[in-house]
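> how would this look folded up:
(2 chains)
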Amino acid sequence: MAKPTPPSRRGATRQQPAGGRKNPWIGAERFSLSAYLRSHQAVLMESFSRLLGYPLASLMTVFVIAISLSLPGGMFVLLKNVQSITDRWEQQSVITLYLFPAQEDTEALALSHQLSGRADVASVEYISKEEGLRYFEQSSGYEQIMSALPENPLPIVLNVIPKASVDLETLPELQSLRDQLQGLPQVEYAELDAEWLQRLATILNFGQRFVYAISALLVMAVLLIVGNTIRTAVESRRDEVLVMKLVGATNSYIRRPFLYMGFWFGVIGGVIAAICILSLTWWVSSPAQRLVELYQAGFELQSFNAGEIIMCLTISALIGVIGSWLAVSRHIRDIELQ
Amino acid sequence: MEIEFQQVGKKYESGQEALSQVSFHLRQGEMAFLTGHSGAGKSTLMKLIMMIERQSYGKILVDNVDLRTLGKAAIPFHRRRVGVVFQNHQLLFDRSVFHNVALPLQVSGADDSQVGKRVRAALDKVGLLGKEKLNPMALSGGEQQRIGIARAVVNKPQLLLADEPTGNLDPRLSAEIMNLFQEFNRVGVTVLIASHDLALVARMRHRVLTLNQGRMVNDGGFS
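Sure thing, here's the model as predicted:
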């Protein structure tokens, strides 16, 4: 008889007995796909009822997962809303060019014409030294000091108005335009009037990284928690694992219900996390709306959309399965028949 | 299924030599007893056949396949061809008699319709057909041992191993259990039973292999 090498598909195939004698106690099983799928379905259901076997431990695990996922999920929603506010903040930006004091009107006017011809520039406002002085005297209240000066110290100023309105998406574009203009030989200093936006962008960038880091830490915590719960479950079923090994169960067969158990932990934790986030946004939506409407009309607080809910569930299910896998594969190997 | 041991030895890490230079040949369809005082190496020999332990030297052939050539992944498939009965029945008390007996079939991915039929056939063989829905805990020691036998044969193995299957049963029940094994042997299953109940073994009139301190000291007819 051929040696019993494992079949490539998981399941069972058995060799026909050697010799022609028909024997009622020597039979052959064939691999059956439908039986295989049905066994998976059965294990899926069975593993769910296993969770109910340890209600307290399961509940705690599920809630820890839910809380760990709600935190980064909530921060994600917060960031999404801040971003959407600033995205809609359509505002003209201005790049102010302070030319070198030596620049004369004729050259400066030529530059102004040249710049207004650019594709990314809507218009250029020319402020001569005299206009600048007048404006300065009116607004600053430094009339006496200015008139005491022997000559006008102000440079020619060009206010370049770019075509793009300023928001978080166009900010890099505008910054590179500013840098280009700064590079012109006539320009002493170019200033992009969007400092607040730059700060916001930096804060958002920081916030994003913060959310990623927190998420990574919490995901690791969830992996450990799921792993620990599953390890306890394996330990409590030690006898069963031993008997299954004795009657010829493969490690993958023994592993399966525990992986499904991890799957359930993840999915149920994910559902609770999604519910938490949805109710949280609902709870803060009306004060948040009032707050934002003080500054801007037409704001609507965004929560998880359908795609993000599915994403949240997928990630949590995956975390559950991976956490379970990490614990179960080494633990089942350690339980050996003596 | 036939089994052949050629100069097989097993040393444990502790340095204890459980088996040394053991040779015998069990033919297809043969029934034999393995005797010896406790610690003589009976259980170790059984474990080597089940691949629960690996031999330190020598050669074990099962159906002419050298067990050393089988890797870890092949072990479950090897075990499915062998039915085992242990003294401590290794039953699971969190499920019914039916599900205990069905375990080897489920593990090997048998079809549901097959499972019911086979389990009932096996329970019928050991005389427990009406008790499939009960918890094994509710049954007597002798009945529990018969559940173990039903589980061992449900997969229609070609080899049946039993380690002290009558360990703590009274003589009448022990004889019943032995008769069951004889019935399976009659339909062609190779049977090897480890037992220290010499009186019972002698009454059965089968080949007897005797181990003493890890050595095969007698291989022959019933004594």
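> in chain A, which segments are predicted with low confidence?
A:1-32, A:86-91, A:140, A:295-299 (pLDDT under 70).
> can you map out the helices along it?
Taking DSSP state H as the test, the helices found in chain A are A:33-53, A:55-87, A:105-116, A:129-140, A:143-148, A:171-182, A:195-236, A:238-246, A:251-293, A:306-334.
> Please list all residues in contact with the residue lying closest to residue B:183 once chain neighbours are set aside.
Excluding its sequence neighbours, the residue lying closest to residue B:183 (C-beta to C-beta, 6 or more residues apart in numbering or on different chains) is residue B:125, at 7.5 Å. (C-beta placed from N, C-alpha, C; glycine too.) Residue B:125 makes contacts with B:150, B:153, B:180, B:183, as judged by C-beta atoms under 8 Å, 6 or more residues apart in numbering or on different chains.
> ok, of these, which one's closest to chain A?
Of all those, chain A sits closest to residue B:153, with 6.5 Å by C-beta to the nearest C-beta.
> What about that closest one, how many residues nearby?
Residue B:153 has 25 neighbours, counted by other C-beta atoms under 10 Å in any protein chain shown.
> Next, it: phi, psi?
phi -100, psi -10 (degrees, to the nearest 10).
> Torsion angles phi and psi at the nearest residue to residue A:35 once chain neighbours are set aside?
The shortest distance from residue A:35 to any residue other than its chain neighbours is 4.5 Å, reached at residue B:111 (C-beta to C-beta, 6+ apart). Per-residue torsions, residue B:111: phi -70, psi 140 (degrees, to the nearest 10).
> Distance check, residue B:111 against residue A:38.
9 Å (C-beta to C-beta, to the nearest Å).
> Tell me which of these two has more neighbours.
When neighbours are counted by other C-beta under 10 Å, residue B:111 and residue A:38 differ, and residue B:111 comes out ahead with 19 against 14.
> That one reaches residue A:36, doesn't it?
No. With contact defined as C-beta atoms under 8 Å, residue B:111 does not count as touching residue A:36 (9.8 Å).
> nearest to residue B:81, of the helices of chain A?
helix A:238-246 (13.1 Å; C-beta to C-beta).
> what distance separates that closest one from the centre of its chain?
When distances are taken as C-alpha atoms, centre = their mean, to the nearest Å, helix A:238-246 is centred 42 Å away from the chain's centroid.
> Quick check: buried residues in that helix?
For helix A:238-246, burial by neighbour count (16 or more other C-beta atoms under 10 Å in any protein chain shown) applies to A:240, A:241, A:242, A:243, A:244, A:245, A:246.
> That helix near chain B anywhere?
Yes. On the criterion C-beta under 8 Å from any C-beta of the partner chain, helix A:238-246 is in touch with chain B at A:239, A:240, A:242, A:243, A:244, A:245, A:246.
> Excluding its own residues, what touches that helix? List them.
For helix A:238-246, using C-beta under 8 Å, 6+ apart, the contacting residues are A:234, A:253-254, A:332, A:335-337, B:50, B:76, B:79, B:84, B:90, B:92, B:94, B:103, B:107.
> which two from those residues end up farthest apart in space?
Greatest spatial distance among the contacts of helix A:238-246 (C-beta to C-beta): B:50 and B:94, at 24.2 Å.
> the more surrounded of those two?
residue B:50 (21 against 14).
> Okay, that one and residue A:246: tell me how far apart.
8 Å.
> So for these two, which residues contact both of them?
Counting by C-beta under 8 Å, 6+ apart, the common neighbours of residue B:50 and residue A:246 are A:337, B:79, B:84.
> Which of the contacts of helix A:238-246 sits closest to residue B:190?
Nearest to residue B:190 out of the contacts of helix A:238-246 is residue B:84 (C-beta to C-beta; 12.9 Å).
> Could you report the neighbour count for that closest one?
Neighbours around residue B:84, by other C-beta under 10 Å: 24.
> next one: residue B:193
What residue B:193 shows, counting by other C-beta under 10 Å, is a neighbour count of 28.
> Which strands or helices does the helix or strand encompassing it pack on?
Per DSSP states H and E, residue B:193 falls inside strand B:190-194. Judged by 3 or more C-beta pairs under 8 Å, 6 or more residues apart in numbering or on different chains; DSSP states H and E, strand B:190-194 is in contact with strand B:31-35, helix B:42-50, strand B:159-163, helix B:171-186.
> CSV for the residues of helix A:238-246 next to chain B, including distance to residue A:265?
Below are the residues of helix A:238-246 next to chain B laid out as CSV (distance: C-beta to C-beta, whole Å):
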residue, distance to residue A:265
A:239, 23
A:240, 20
A:242, 25
A:243, 25
A:244, 22
A:245, 25
A:246, 29
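> circling back to that earlier point, can you go through the contacts of residue B:125 and name the buried ones?
B:150, B:153, B:180.
> want to throw these into TSV with distance to chain A?
Formatted as TSV, the buried ones among the contacts of residue B:125 follow (distance: C-beta to the nearest C-beta, whole Å):
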residue	distance to chain A
B:150	12
B:153	7
B:180	12
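> would you list those residues in CSV and tack on pLDDT?
Formatted as CSV, the buried ones among the contacts of residue B:125 follow (pLDDT from 0 to 100):
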residue, pLDDT
B:150, 92
B:153, 91
B:180, 89
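> Just list the residues touching residue A:174, thanks.
A:93, A:95, A:162, A:164, A:166, A:192, A:194.
> how deep is residue A:213 tucked in, by neighbour count?
By other C-beta under 10 Å, neighbour count at residue A:213 equals 11.
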